[in-house]
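J.: Would you be able to build a 3D model of this:
(one chain, ligands or ions: 1)
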Amino acid sequence: MTCRGIVTTMIEAHALTKNFGDKTAVDGIDFTIRPGIVTGFLGPNGAGKSTTMRMILGLDRPTSGSVHVNGHAYAASPAPLREVGALLEAHAIHPGRSARDHLRWLAASNAIPMWRVDEVLEVVGLGSVARQRAGRFSLGMGQRLGIAAALLGDPPVVVLDEPVNGLDPEGIRWVRNLARNLATEGRTVMVSSHLMSEMALTADHLLVIGKGRILADCSMSDFIANHATSYIRVRTPEVTLASHILSGRGLDVSNVDGELRIQGMDAPGIGEIFHSRGVPVHELTSISSSLEDAFMALTADSVEYSAHTELGVPA
Ligand SMILES: Nc1ncnc2c1ncn2[C@@H]1O[C@H](COP(=O)(O)OP(=O)(O)OP(=O)(O)O)[C@@H](O)[C@H]1O
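T.: Numbering: from 1, shown residues only. Purely as a prediction, here's the structure:
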């Protein structure tokens, strides 16, 4: 599949805000989504991801601020499906219509040639069920059909809201590869998720949102370097001696509430040193905090519905 669109297309938001009554869903955010990479839009439930994407697509009107695709509001686009392809969480497909007819109807209303319908049905793996009624489709098949609709106009910008929802592992891998291929072709690709583990495998750049605000806007590699930590935890009654010995070996040692956290050597190496110096060790554990942990820590204050409130005790 080739990208016939403009390869410099970007999505740019300035002070983008959306209130629903007295609820602020999106709170004055600024961001730029660039072409040629996959940007992961990550946040816990209720963070404002869908509302932001709906504003990008002109389906919700910002309360204030703006979001532009290729320099203009998307709602003003003369050929919307050729400019932005989108998969939203709740996509309306007439249950009695076949997958093929659904796409043909979309194609006709966007002046897209009919041969493109069969092409995208093959791309998403629905070629063999193209004439079946969409109402009988599984959640995963429905997602594939939604993605087919997003790709129909061969758009330079692709926005996918939680695309792996309902997909089996093979489908998840397929979406991941698809997003990466679309970016490699020079398209602007924005993918939302509430799963850090998924984004870690898909995104080049991360935009983390919590309670309507941007919490991080950085490359995936910077996020990993800054947030994914690993160290060796040591508990010993000889804290001062142990710390002195390890620091003398050039290791990075910190004392956190009486436990030593050591970076620069693995657990067996540290154990050997303590053994040779006769230092008693009560615990020697290799700790690695995952990206999921880092994401949870970053968004901990922004989670709307958390499960750690005890019954009867208000949060
Ligand atoms: N039409 C609406 N009316 C009132 N409140 C809304 C409306 N749409 C969204 N909200 C609220 O705005 C906030 C952001 O919702 P949004 O759906 O954008 O979050 P999200 O990050 O996409 O979450 P999820 O992953 O659960 O879909 C939530 O508190 C939500 O309840």
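J.: all strands of the stretch 201-315 of the chain, in order?
T.: Ranges of strands within the stretch 201-315 of the chain are 205-210, 213-219, 230-235, 252-256, 259-263, 283-288, based on DSSP state E, counting those that start in this stretch.
J.: now those as CSV including mean neighbour count?
T.: Yep, even glycine has a C-beta here, placed from its N, CA and C like the rest. Below are the strands of the stretch 201-315 of the chain laid out as CSV (neighbours: other C-beta atoms under 10 Å):
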stretch, mean neighbour count
strand 205-210, 24
strand 213-219, 16
strand 230-235, 18
strand 252-256, 13
strand 259-263, 17
strand 283-288, 12
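J.: Let's have those in CSV, adding distance to residue 79 and mean pLDDT.
T.: Converted to CSV, these look like this (distance: least, C-beta to C-beta, whole Å; pLDDT from 0 to 100):
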stretch, distance to residue 79, mean pLDDT
strand 205-210, 27, 94
strand 213-219, 30, 94
strand 230-235, 50, 92
strand 252-256, 57, 92
strand 259-263, 54, 93
strand 283-288, 49, 89
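J.: Which among these is found nearest to the ligand?
T.: Comparing those by their distance to the ligand (C-beta to the nearest ligand atom), the top pick is strand 205-210, with 6.9 Å.
J.: packing partners for that closest one?
T.: strand 23-33, strand 38-42, strand 213-219, helix 220-227, helix 291-299 (3 or more C-beta pairs under 8 Å, 6 or more residues apart in numbering; DSSP states H and E).
J.: Show me what from the stretch 151-300 of the chain comes close to the ligand.
T.: Taking C-beta under 6 Å from any ligand atom, the part of the stretch 151-300 of the chain that reaches the ligand is made up of residue 194.
J.: How about the stretch 151-300 of the chain: which residue is closest to the ligand?
T.: residue 194 (5.1 Å).
J.: hang on, the earlier thing: next, format the strands of the stretch 201-315 of the chain as TSV and append distance to residue 23.
T.: Output for those, formatted as TSV (distance: least, C-beta to C-beta, whole Å):
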stretch	distance to residue 23
strand 205-210	15
strand 213-219	14
strand 230-235	39
strand 252-256	39
strand 259-263	41
strand 283-288	38
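J.: correct me, but the residue of the stretch 151-300 of the chain closest to the ligand touches residue 44?
T.: Yes: counting by C-beta atoms under 8 Å, residue 194 does reach residue 44; the two are 5.8 Å apart.
J.: Tell me which of the two has more neighbours.
T.: residue 44 (21 against 17; other C-beta atoms under 10 Å).
J.: per-residue pLDDT, the more buried one?
T.: Residue 44 carries a pLDDT score of 88 in this model.
J.: just checking, it touches residue 301?
T.: No: using C-beta under 8 Å, residue 44 makes no contact with residue 301, being 10.4 Å away.
J.: Overlap in contacts, the two.
T.: residue 210 (C-beta atoms under 8 Å, 6 or more residues apart in numbering).
J.: and residue 83, how far is that from residue 56?
T.: In this view, residue 83 and residue 56 are 11 Å apart by C-beta to C-beta, to the nearest Å.
J.: And for residue 271?
T.: Look at residue 271 and residue 56: by C-beta to C-beta, they are 53 Å apart.
J.: and the two? which has more neighbours close in?
T.: Neighbours were counted for residue 271 and for residue 56 using other C-beta under 10 Å; residue 56 has more, 24 against 16.
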